[in-house]
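Asker: here you go, sequence then predicted model.
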Amino acid sequence: MSIQTKRVYDAVSASDGKRVLVDRLWPRGIKKELAQIDWWPKEITPSNELRKWYHEDMENRWEEFEQKYRAELSDATTVLNTLRDMIQKESVTLISAVKNIDHSHVTVLIDIL
């Protein structure tokens, strides 16, 4: 089917299909019932250590972050395959709280999928 991205702060719409939260931490200020998240697979989110390290210097650490995140994802093949199967069957929206989705772990995840 299709895969798209959206910030958790954007309005929910029918075209979202399955809404998959791809952040390790629950987004601030968002009630779980309002977010309408169908699945929250923390196994495919950057580890706390990697996330904190990257946020210390996002501009200069992007390439190394991408490599480290890909390495972390190599341990999550079962969850990645489940997500791939879901995408084959229906529309999926990867939900994140990041301000710049295009320069975040979300783009790395999409590339792997």
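Answerer: Received the coordinates, thanks.
Asker: what about the helices in this protein?
Answerer: Using DSSP state H, the helices of the chain run over 32-35, 48-56, 58-73, 77-89, 105-112.
Asker: tell me what the fourth one is packed against?
Answerer: Right, helix 77-89. Helix 77-89 makes packing contacts with strand 18-21 when contacts are defined by 3 or more Cβ pairs under 8 Å, 6 or more residues apart in numbering; DSSP states H and E. Glycine gets a C-beta too; all of them are placed from N, C-alpha and C.
Asker: packing partners of the strand it packs on?
Answerer: helix 77-89, strand 92-96.
Asker: quick one: that strand to chain centroid distance?
Answerer: From the chain centre to the centre of strand 18-21 is a distance of 9 Å (Cα atoms, centre = their mean, to the nearest Å).
Asker: now that strand: mean pLDDT?
Answerer: Confidence for strand 18-21, expressed as mean pLDDT, is 98.
Asker: residues in contact with it?
Answerer: Strand 18-21 has contacts (Cβ atoms under 8 Å, 6 or more residues apart in numbering) with 6, 8, 12, 35-41, 83, 86, 90-96.
Asker: which residue is nearest the centroid of the chain?
Answerer: residue 22 (2.7 Å; Cα atoms, centre = their mean).
Asker: now for the nearest residue to that residue once chain neighbours are set aside, how many residues are close by?
Answerer: With Cβ to Cβ, 6 or more residues apart in numbering as the criterion, residue 22 has its nearest non-adjacent residue at 4.9 Å, and that residue is residue 94. Neighbours of residue 94 under the rule other Cβ atoms under 10 Å: 24.
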